[in-house]
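Participant: Here you go, sequence then predicted model.
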Amino acid sequence: MIRLEEVTKRYRSAAGERVALDAVSLTVAKGQVFGVVGRSGAGKSTLIRTINRLETPDAGKVFVGDREITALKPADLRAARRRIGMIFQHFNLLNARTIAQNVAFPLRLEGRPDAEIARRTAELLDQLGLSEHANKFPAQLSGGQKQRVGIARALACGPEVLLCDEATSALDPETTDEILSLLDGLNRDLGLTIVLITHQMEVVRRVCDRVAVLKDGRVVEEGATADVFLHPQSPVTRAMLAEGEGGETHDASAVPAGGRLARLTFRGAATYEPELSRVARATGVDYSILSGRISRIRGEPYGQMVVAFTSGEADAAIAQLTAHGVMVEAV
Ligand SMILES: Nc1ncnc2c1ncn2[C@@H]1O[C@H](COP(=O)(O)OP(=O)(O)OP(=O)(O)O)[C@@H](O)[C@H]1O
């Protein structure tokens, strides 16, 4: 659906040249929610803005569907952009226009007939729970409501792709949750392909099927969200996970003397099985739990814990856990 091939973008200023994207290649399948995470300055905004050519790469190609966005003439680019909705951290609403006029704006730009604009606008306001605010101005709405207006406007022309540029970064946790549920629903119900950039791993955990981690303009890690969260490979991914609630921390001073440490990962239905106690009974090992959490990654349950096997046949216990589908790693 979306393909970036060796995309490079440099910014030149009085201070010199800065490579914001360095030969980035990515593929986003139709119907996927794809997250791009990274620290400030990693190149996330630049990357997402190359998809609708708000930024033109210095090298490389960008495809959306069967169109090469990087090769389009201005008129064709305008047409292609109607199929690519975008929402922003600070909403970018027209403050002097009403909510209904904001939502209708892209339809007017397209020159749709008045009756169709009125019908489609009413439908979108209803879908996003905004009907009662139709005649208000953006300043009269909360952040979450403003973002819903942004989403309604982005959906007006029936896009295939929705680009979300830090769409929840200006919102409180509860409102973030509400907007993420909305995006999740749009993806599941309409099959909308979504690319979102964020510096919050929690956003990725909630809604993304896949994630790419950017550092200094390069993709340093990419994979299914569950794989990246449960088995992060790059130092920056590990550090970002450790800072969020996805982080695993155990107090090294609490490790029992002679204890053998292992990280156990349970996925899917196995998360709720009493596998560890069964294996302990069968093999006679004792264990201490040093850290643990059960959560969900895009709806799929998982559990991860660090245990110290303190006595008994740890090897036999590990072999049995592995045979029952628990992933065991030495820590
Ligand atoms: N218009 C510009 N002119 C010069 N340099 C720029 C411009 N836009 C971005 N940069 C630089 O390019 C690099 C990547 O910026 P970008 O905004 O894409 O990163 P980001 O990961 O989105 O960061 P943030 O989370 O802080 O927005 C940074 O070093 C930034 O300073």
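Facilitator: Thanks, I have the structure now. Numbering: from 1, shown residues only.
Participant: for the stretch 201-331 of the chain, what are the low-confidence residue spans?
Facilitator: The stretch 201-331 of the chain contains residues with pLDDT under 70 at 245-249, 252.
Participant: Just the helices from it, written as ranges.
Facilitator: 201-207, 225-230, 235-243, 275-283, 314-323 (DSSP state H, counting those that start in this stretch).
Participant: Residues of this structure that sit close to the ligand?
Facilitator: 11, 13, 18, 20, 38, 40-46, 199 (CB under 6 Å from any ligand atom). Using the backbone N, CA and C atoms, a C-beta is placed for each residue, glycine as well.
Participant: For PyMOL, write a command that selects the buried ones of those residues.
Facilitator: In PyMOL, this line selects whichever of those come out buried by 16 or more other CB atoms under 10 Å:
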select buried, resi 20+38+42+43+44+45+46+199
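Participant: now for the residues of the chain next to the ligand, which pair is the farthest apart?
Facilitator: 13 and 199 (23.3 Å; CB to CB).
Participant: hang on, the earlier thing: could you single out the most deeply buried of the helices of the stretch 201-331 of the chain?
Facilitator: helix 201-207 (a mean of 24; mean count of other CB atoms under 10 Å).
Participant: helices and strands around it, which ones?
Facilitator: For helix 201-207, the packing partners by 3 or more CB pairs under 8 Å, 6 or more residues apart in numbering; DSSP states H and E come out as strand 33-38, helix 173-190, strand 193-198, helix 225-230, helix 235-243, strand 286-297.
Participant: redo that, cut-off 6 Å
Facilitator: Under the contact definition 3 or more CB pairs under 6 Å, 6 or more residues apart in numbering; DSSP states H and E, helix 201-207 sits against strand 33-38, helix 173-190.
Participant: Strands along this structure, start to end?
Facilitator: 2-13, 16-28, 33-38, 59-64, 67-68, 84-88, 161-165, 193-198, 210-215, 218-224, 260-267, 286-297, 300-311, 327-330 (DSSP state E).
Participant: who wins for proximity to residue 147 among those strands?
Facilitator: Nearest to residue 147, of the strands of the chain and by CB to CB, is strand 84-88 at 6.7 Å.
Participant: what's the residue lying closest to residue 255 once chain neighbours are set aside in contact with, if anything?
Facilitator: Nearest non-adjacent residue to residue 255, counting by CB to CB, 6 or more residues apart in numbering: residue 308, 5.5 Å away. By CB atoms under 6 Å, 6 or more residues apart in numbering, the contact set of residue 308 is 255-256, 259, 261, 288.
Participant: of these, closest to the ligand?
Facilitator: residue 261 (35.0 Å; CB to the nearest ligand atom).
Participant: Please name the nearest non-neighbouring residue to the closest one.
Facilitator: Per CB to CB, 6+ apart, closest to residue 261 is residue 331, 4.0 Å.
Participant: In contact with the one you found, which residues?
Facilitator: Contacts of residue 331 (CB under 6 Å, 6+ apart): 261, 263, 306.
Participant: quick revisit: which of the residues of the chain next to the ligand has the weakest pLDDT?
Facilitator: Ranked by pLDDT, the residues of the chain next to the ligand bottom out at residue 13 (87).
Participant: which residues does that residue bridge with?
Facilitator: residue 16 (DSSP bridges).
Participant: Mark out where each domain of this structure begins and ends.
Facilitator: By the record's domain assignment, the chain is partitioned as 2-243, 252-330 (automatic domain parsing).
Participant: for these, which one ends up most surrounded?
Facilitator: The most buried one of the domains of the chain (mean count of other CB under 10 Å) is domain 2-243, showing a mean of 18.
Participant: From start to finish, how long is it in a straight line?
Facilitator: With CA to CA, to the nearest Å as the measure, domain 2-243 spans 30 Å from end to end.
Participant: Over to stretch 273-289?
Facilitator: Termini of stretch 273-289 sit 16 Å apart (CA to CA).
Participant: what does it rub up against?
Facilitator: In contact with stretch 273-289 (CB under 6 Å, 6+ apart) are residues 256, 305, 307-314, 316-317, 320-321, 324, 326.
Participant: What's the nearest residue in the stretch 151-300 of the chain when you look at the ligand?
Facilitator: Closest point on the stretch 151-300 of the chain to the ligand, by CB to the nearest ligand atom, is residue 199, at 5.6 Å.
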